[in-house]
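Undergrad: Just to be clear, the model below is a prediction. Sequence and coordinates:
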Amino acid sequence: MAWTSPRTWVAGELVTAALMNAHVRDNLIALKDPPTEFDPGVGVSDYSTTSSSMVDISADLSVTMTTTGGDILCLLAGTWGNSSTGDFQLDFLEDAVSLSSHSDGAARLLKSGTALASAFYVSESPSAASHTYKPQWKISSGTGRLFNGGSINVNPAFLVREVS
């Protein structure tokens with residue numbers, strides 16, 4: 001349900017059920033149940049990259065949702081591994097445009113080894129419309145891995161939610 005700008009009531013105005021429903025009930029519903037999409041990894045093989053430039057992690061990790069014009073939180077959590085000492089850089093795209101506008105992305109993860117980590121970014125007030133969100137990554141050296149039910153039995157989670 002979409003948010004409606006609250007009405008400014010005037011003295012002596014007759015309050016109707018339709019007005020109360022639109023400005024009180026519906027707005028409470030919009031606050032309680034904002035647009036949200038959750039994409040859990042459900043694969044049987046891990047995602048990997050050796051790319052030194054930003055690339056999509058996988059077509060599997062992508063969500064499309066209709067927003068109402070509030071800020072959008074993108075969150076990616078998972079178990080990450082690296083065969084070398086290179087860093088991961090992560091970014092999030094909104095309609096194929098980087099949210100961070102930084103060449104190294106929105107977040108940087110571990111140098112080597114395996115660890116559980118998450119990264120998030122907030123897109124400030126995109127237009128009320130249908131948008132597609134997806135995470136991207138690159139690695140400075142070695143082979144980066146996001147575990148997805150392959151060598152260890154864990155899956156990543158990608159969440160996109162309107163937060164305002």
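TA: Thanks, I have the structure now. Nothing here was measured: the structure is a model prediction, and the numbers come from that model.
Undergrad: Would you mark the buried spots in the worst-scoring helix or strand of the chain on mean pLDDT?
TA: In the chain, no helix or strand scores lower on mean pLDDT, DSSP states H and E than strand 36-40, which sits at a mean of 74. For strand 36-40, a neighbour-count test (16 or more other Cβ atoms under 10 Å) marks 37, 39 as buried. (Glycine included, C-beta is placed from N, CA and C.)
Undergrad: now swap in stretch 128-140 and tell me
TA: For stretch 128-140, the neighbour count (16+ other Cβ under 10 Å) marks 131, 133, 134, 135, 136, 137, 138, 139, 140 as buried.
Undergrad: tell me the secondary structure for residue 28?
TA: Assigned with DSSP: H, G, I helix; E, B strand; the rest coil, residue 28 falls in the helix class.
Undergrad: any idea how far residue 116 is from it?
TA: To residue 116, residue 28 is 36 Å away according to Cβ to Cβ, to the nearest Å.
Undergrad: returning to that earlier point: what's the most distant pair in the buried residues of stretch 128-140?
TA: 131 and 140 (29.7 Å; Cβ to Cβ).
Undergrad: Look up how far residue 136 lies from the residue positioned nearest the centre of the chain.
TA: In the chain, the residue lying closest to the centroid (Cα atoms, centre = their mean) is residue 74, at 2.1 Å. Distance, residue 74 to residue 136, by Cβ to Cβ: 11 Å.
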